[in-house]
Each structure stands twice: as structure tokens, then as C-alpha cells.
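1. Sequence and predicted structure, then a few things I'm wondering about:
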Amino acid sequence: MAFATSALVRSLSTSASRQAAIKHVTVIGGGLMGTGITQVAAQSGHNVTMCDVSDDIVQKGLARIQDSLKRVVKKKYKDDPTAGQKFFDSTMENIRIDTNVERVAASTDLVIEAIIENLDIKQKLFSSLDKVAPQHTIFASNTSSLPIKDIASTCERQDRFGGLHFFNPVPVMKLVEVVRFGATSNETFQSLTDFGQAVGKTTVSCKDTPGFIVNRLLVPYMMEAVRMLERGDASAKDIDVAMKLGAGYPMGPFELTDYVGIDTCKFIMDGWHELDPDQPLFKPSELVNKLVAEGKLGMKSGEGFYSYKK
Ligand SMILES: CCCCCCCCCCCCC[C@H](O)CC(=O)SCCNC(=O)CCNC(=O)[C@H](O)C(C)(C)COP(=O)(O)OP(=O)(O)OC[C@H]1O[C@@H](n2cnc3c(N)ncnc32)[C@H](O)[C@@H]1OP(=O)(O)O
Ligand SMILES: NC(=O)c1ccc[n+]([C@@H]2O[C@H](COP(=O)([O-])OP(=O)(O)OC[C@H]3O[C@@H](n4cnc5c(N)ncnc54)[C@H](O)[C@@H]3O)[C@@H](O)[C@H]2O)c1
């Protein structure tokens, strides 16, 4: 019994020291996911710097976080507004915004990338950060569909690289997929798992396989939905209603595509078509491509399969 206790104490203290090692987090991408990741990291006491390519984008991202925090406060502190204000203020005090990723990454413990779903852009970003980030800094990608191994391929720190796949909206969805590829060290994998739990999520682990767990099952379902619409089998609205009332989903596939971002969905489809060109399900959708070409990206642009203009 004594041995088991001391082993447990050692493991807990190691986990605590790993978490203590992640004091500052750099989130790159101030969009749908980067803002949510910034929020949950800051809420859990981490110092976070959120970076994007322009000051306008990071300022808008900060405003999105404030709006989201107000929803959390309204729900969690409805009976104690003073505590709610304290929570809001302390969370916002943990957040900085910046546009100089190299400067920020030079003194950070964990980089979480949540930029456009494009392999080349992600590789270029990590390659430049690998040259300036401290030796101990862990890199993680929030990619939906790209192989972590490929994203990491431009970096020396292959052992300190993994995937942290959050779900949208990050403040609400309880899951994080922690992804390791061949070179990810046990220490890194455990640090990413500890971090996912420290920000209040349930973590699952997965090999570096296309779509990890959720998207491997979700993407084909959503692609079947768009084929159904393109064949004229049913309307987008009826497909959404059917999946909500018939399968108990909180959103139907077209509502969800609008929520995720039709551009991101297109990037995912295109990437999987490139990986498996003979799979008819993954062939490019004329409808999806048309919407993106017209700038109809879903909720983020005010119109997608549905209109969100007030
Ligand atoms: C069909 C075309 C196919 C094209 C090909 C597709 C290929 C690619 C597809 C895969 C994409 C993968 C993307 C990614 O990698 C993986 C994902 O993230 S998948 C998405 C996972 N998420 C979901 O499935 C979300 C499902 N929806 C919901 O859970 C809910 O609808 C909702 C979003 C939580 C909203 O809840 P509702 O009850 O409906 O409505 P409310 O707005 O009132 O919210 C309720 C309550 O929740 C809190 N809340 C909601 N949003 C936020 C927020 N942003 N921040 C903080 N809190 C929030 C809040 O307390 C709300 O209460 P209120 O404040 O309103 O009192
Ligand atoms: N949208 C979702 O539901 C969802 C869920 C889980 C994971 N993801 C993944 O998260 C990532 C981001 O998705 P999103 O929906 O937040 O996209 P988004 O379009 O909302 O935000 C992407 C942000 O990245 C910024 N950006 C692009 N290139 C950059 C660069 N070189 N340096 C810094 N910033 C850059 C853009 O300016 C933009 O603000 C993608 O890899 C996506 O697959 C998305």
C-alpha cells in the first residue's frame, strides 16, 4: 500500500510540476477557435497572449472573448454579480494581444496554433517559431484534419510537438482530443493532456490519423449531407430538422457547417480529397465552393446556408 501511495504522490507531483511549467500560453489565430482557446486558458489562470496578423483582428477577437465571458458570467454567477465581475476582470487581466508572433513566442511555455486550415501556412509558421521559442516550449496545433506529423515536419522540436483539438464553441464543448505522432515524447503528451484538463476539458487521446476521433466520424456524415442536398433528396432545412429531431443532434449538418465556417469546411474537404482522390465522398462540392467563392462563409460572414443578418 505504501508503495502505491508513494507512486501516486510522485505521479501527481510530476503532473503538478508539468502544469506549473506551463505558465504562459501563446495562442496564434484570433478567430473562432483561437478566441475560445484564449478564453478557457485565461479563465483557468494561465497568462495568454493571442496573436493574429493585424491589430484589427486581435482587437475584434478580444471583443468576442468579452462577449463570451459575459454569457459565462450570466449563467455561472447569476446569483452573485460581485463574484461574476471578479471572474470577468481576473480572466481579462490574464489576456494580452499581439501581432508579433516571433516576439511573443520567444518567452512562452506552450504555443497553440489555431490559424487557417492550410498545411503550408501552418508549416511556415511553426518553422519560424521553432527558431525563436525556448527549448522547453511545446508546440500544439488545433487542426481539424491535417496530420500533426506533417505540420511538425518543418520543426526541430519533433518531440515537443502534438495536437490539441478543441471543439467549437470552446467555452461550452467539454472535449479536447490530445494527439501524438511517432516523435511526440511521453512528457509532451502528458503535458498536453494535463493542460487540456487544467482548462476544464475532458481529454481523449488518439493517434495521428486523419480526423483523429470525432472528425473521422463527423466529416463523412457532413459530406453525405451535402451530397444529399446536391442530389435534391431533401432541403437543407429538412435535413437539419431531421437530424435534430431524429438523431438528437443539437445542430443539423448545415447549421453546423455555418457555425464552423464554410471556408474551414472547404479546406478540410479539399485536404481529404487530396489525401484520397478516389473517394467520391470527398470530391469537391460545387455548392460549397460556390458559397465560399461568393464570400458566404456561414455565421462568421453573416450568410452561408442560412442568413444571419440582423
Ligand atoms: C454540409 C456541408 C458539408 C461540408 C463538408 C464538411 C466537412 C467538415 C466538417 C467538420 C468540421 C469540424 C470542425 C472541428 O474540427 C470540430 C468541431 O468543432 S465540430 C463542432 C462541435 N460543436 C457542435 O457540434 C456544436 C453543436 N451545437 C451546440 O452545442 C449548441 O447549439 C450551442 C452552440 C452550444 C448553442 O447552444 P443553444 O442551446 O443552441 O443556444 P444558446 O446560444 O442559447 O447557448 C446555450 C448556452 O450555451 C452557452 N454558450 C453558447 N455559446 C457560447 C459561447 N460562444 N461562449 C460562452 N457560452 C456560450 C451560453 O451559456 C448559452 O446560454 P445563454 O448565454 O444564451 O444564456
Ligand atoms: N471552426 C471550427 O469549428 C474548428 C473547430 C476545431 C478546430 N478548428 C481548426 O482551428 C483552426 C482555426 O479555425 P477557425 O475556425 O478558428 O478559423 P478562423 O478563420 O475563424 O480563424 C483563423 C485565424 O487565423 C488567422 N491567421 C491566418 N494565417 C495566420 C498566420 N500566418 N499567422 C497568424 N494568424 C493567422 C486569420 O487571420 C484568422 O483570424 C483551423 O485549423 C481549423 O481546422 C476549427
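-> Ah, there it is. Ligands and ions are numbered 1, 2, ... in the order given.
2. Is E177 located within a helix, as I assumed?
-> No - remark: E177 does not belong to a helix; assigned using DSSP: H, G, I helix; E, B strand; the rest coil, it is strand.
3. So which residues of the protein form helices?
-> With DSSP state H as the criterion, the chain has helices at 2-21, 32-43, 55-76, 81-93, 101-105, 119-130, 148-152, 186-198, 214-231, 236-247, 253-260, 262-275, 286-293.
4. Name the residues of the stretch 201-310 of the chain found near ligand 2, please.
-> Contacts of the stretch 201-310 of the chain with ligand 2, taken as CB under 6 Å from any ligand atom, map to 260-261, 264. Placement of C-beta: from N, CA and C, glycine included.
5. how about whichever residue of the chain sits closest to ligand 2, what does it touch?
-> Checking the chain residue by residue against ligand 2 with CB to the nearest ligand atom singles out G31 as nearest, at 2.0 Å. Residues touching G31, when contacts are defined by CB atoms under 8 Å, 6 or more residues apart in numbering, comprise 52, 57, 61, 114-115, 300.
6. quick check, nearest of the residues you listed to ligand 1?
-> The nearest member of those to ligand 1, counting by CB to the nearest ligand atom, is A114 at 10.5 Å.
7. thought the closest one was touching T26?
-> No - applying CB atoms under 8 Å as the test, A114 and T26 come out as separate, 10.8 Å apart.
8. want to throw the residues of the stretch 201-310 of the chain next to ligand 2 into CSV with pLDDT and neighbour count?
-> As requested, those are exported to CSV (pLDDT from 0 to 100; neighbours: other CB atoms under 10 Å):
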residue, pLDDT, neighbour count
V260, 98, 24
G261, 98, 22
T264, 98, 22
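9. ok, back up a step: give the ChimeraX command for selecting the buried subset of the contacts of G31.
-> Per 16 or more other CB atoms under 10 Å, the buried members of these correspond to this ChimeraX selection:
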select :52,57,61,114,115,300
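10. Of the contacts of G31, which is the nearest to R103?
-> For R103, the nearest member of the contacts of G31 is D52. The distance, counting by CB to CB, is 13.9 Å.
11. I'd like to know how many residues surround the residue lying closest to that closest one once chain neighbours are set aside.
-> If the residues on either side of it in the chain are set aside, D52 comes closest to G30, at 3.8 Å by CB to CB, 6 or more residues apart in numbering. Other residues within reach of G30, judged by other CB atoms under 10 Å, total 28.
12. what residues are up against G30?
-> G30 is in contact with 38, 50-52, 57-58, 60-62, 97, counting by CB under 8 Å, 6+ apart.
13. Can you redo those as JSON lines, where the extra columns are pLDDT and distance to Y249?
-> Formatted as JSON lines, these follow (pLDDT from 0 to 100; distance: CB to CB, whole Å):
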{"residue": "T38", "pLDDT": "99", "distance to Y249": "27"}
{"residue": "M50", "pLDDT": "98", "distance to Y249": "30"}
{"residue": "C51", "pLDDT": "98", "distance to Y249": "34"}
{"residue": "D52", "pLDDT": "98", "distance to Y249": "31"}
{"residue": "I57", "pLDDT": "98", "distance to Y249": "31"}
{"residue": "V58", "pLDDT": "98", "distance to Y249": "33"}
{"residue": "K60", "pLDDT": "98", "distance to Y249": "30"}
{"residue": "G61", "pLDDT": "98", "distance to Y249": "28"}
{"residue": "L62", "pLDDT": "98", "distance to Y249": "31"}
{"residue": "I97", "pLDDT": "98", "distance to Y249": "35"}
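14. Keep those residues, but drop any that are not near ligand 2.
-> Filtering the contacts of G30 for proximity to ligand 2 (criterion: CB under 6 Å from any ligand atom) leaves 52, 57.
15. Out of the contacts of G30, who's the most crowded?
-> In terms of neighbour count, T38 stands highest of the contacts of G30 at 33 neighbours, by other CB under 10 Å.
16. Might you report the residue contacts of that one?
-> Neighbouring residues of T38 by CB under 8 Å, 6+ apart: 27, 30, 48, 50, 61, 65, 95.
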